[in-house]
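>>> here's a sequence, model it:
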Amino acid sequence: MKSCHILRTAALAAVLALGACTQFQPVKNEPPRLFALQAELEGAPAAQSASLTLAVNAPRAAPGYDSPRMVYVRKTYELESFSKNQWVDTPARMLAPLLVRALEGSGRFRAVVQAPSPVAADLRLDTGIVRLQQEFIGHPSRVHLTLNARLIDVKSARVVASREFDILEDAASEDPYGGVIAANRAVRRALSGLVDFSASNVQR
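Presented below is the predicted three-dimensional model:
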């Protein structure tokens, strides 16, 4: 009996020692998986057909969408974010160069510059991300992108035109990567719409 008691005591001490070692070991934090918005319009740049210069302001983002977190929704009005997946930068900062390249490639402007710029511009494009989220409310899940745009005459500070783009894209899979693919498709549609919006109002 005495030997059994000694064995139990030794076993208990070993378990306590192992627990103490585990408790004070650093927790292994895996780095998050990073994703980018890289959607661009296809095709070669068109020949320039206008004499106006367009300045593109850096897009703004509504609260909740102004960080690299990848936002998703399971209930209306409740924003959540994936813990192990995020954007490589904020959606607004990733969108800015895509806007400039898409508008440059349209050939509808003499020049397209990203504001602030020392180049004098005739028009300015202001954009804002109202929402960019993967919605798991139905099946399949979908990405919901809402983007507003205003075209402004720089000299008179007059709003030439404004429009809101509300885009839905189904996700191919029920996970963050499916949302990334759908988000890039949604951005490509938004870029195409913004080019048409800007070009048509310049002509008018």
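>>> going by C-alpha atoms from here, please, whenever you check contacts or count neighbours.
OK.
>>> right, and the helix or strand after the helix or strand of the chain with the lowest mean pLDDT?
For the chain, using mean pLDDT, DSSP states H and E, the weakest element among its helices and strands is helix 2-24, scoring a mean of 50. Where DSSP states H and E defines the elements, the next helix or strand beyond helix 2-24 is strand 33-35.
>>> starting from that next one, tell me the next helix or strand along the chain.
With DSSP H and E, the next secondary element past strand 33-35 is strand 53-56.
>>> C-terminal to that following strand, what's the next element?
Counting by DSSP H and E, what follows strand 53-56 is strand 60-61.
>>> distance between the helix or strand just after that next one and the chain's centre?
Scanning forward in sequence from strand 60-61 by DSSP H and E, the next helix or strand is strand 69-75. Averaging C-alpha positions (CA atoms, centre = their mean, to the nearest Å) puts strand 69-75 12 Å from its chain's average.
>>> repeat that for stretch 102-118.
Using CA atoms, centre = their mean, the offset of stretch 102-118 from its chain centre is 22 Å.
>>> same question, stretch 85-98
The answer for stretch 85-98 is 5 Å, by CA atoms, centre = their mean.
>>> now swap in stretch 78-92 and tell me
8 Å.
>>> any buried residues in that stretch, and which?
79, 80, 81, 85, 86, 87, 88, 89, 90, 91, 92 (16 or more other CA atoms under 10 Å).
>>> do the same with stretch 115-126
Going by 16+ other CA under 10 Å, stretch 115-126 has these buried residues: 115, 121, 123, 124, 125, 126.
>>> what's the single longest helix in this protein?
Longest helix in the chain, counting residues (DSSP state H): helix 176-203.
>>> tell me what that helix is packed against?
helix 91-106, strand 142-153, strand 158-170 (3 or more CA pairs under 8 Å, 6 or more residues apart in numbering; DSSP states H and E).
>>> repeat that for 10 Å
Judged by 3 or more CA pairs under 10 Å, 6 or more residues apart in numbering; DSSP states H and E, the packing partners of helix 176-203 are strand 33-35, strand 69-75, strand 78-87, helix 91-106, strand 123-135, strand 142-153, strand 158-170.
>>> export the following helix or strand past the fourth one as PDB, just CAs?
When you say that, I think you mean helix 91-106. Counting by DSSP H and E, the next helix or strand C-terminal to helix 91-106 is strand 111-114. The C-alpha coordinates for strand 111-114 follow below in PDB (Å, rounded to 0.1, in the frame of the first residue of the first chain):
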ATOM      1  CA  ALA A 111      -4.300  62.400 -67.500                       C
ATOM      2  CA  VAL A 112      -5.400  60.700 -64.400                       C
ATOM      3  CA  VAL A 113      -3.500  61.500 -61.200                       C
ATOM      4  CA  GLN A 114      -3.900  60.400 -57.600                       C
END
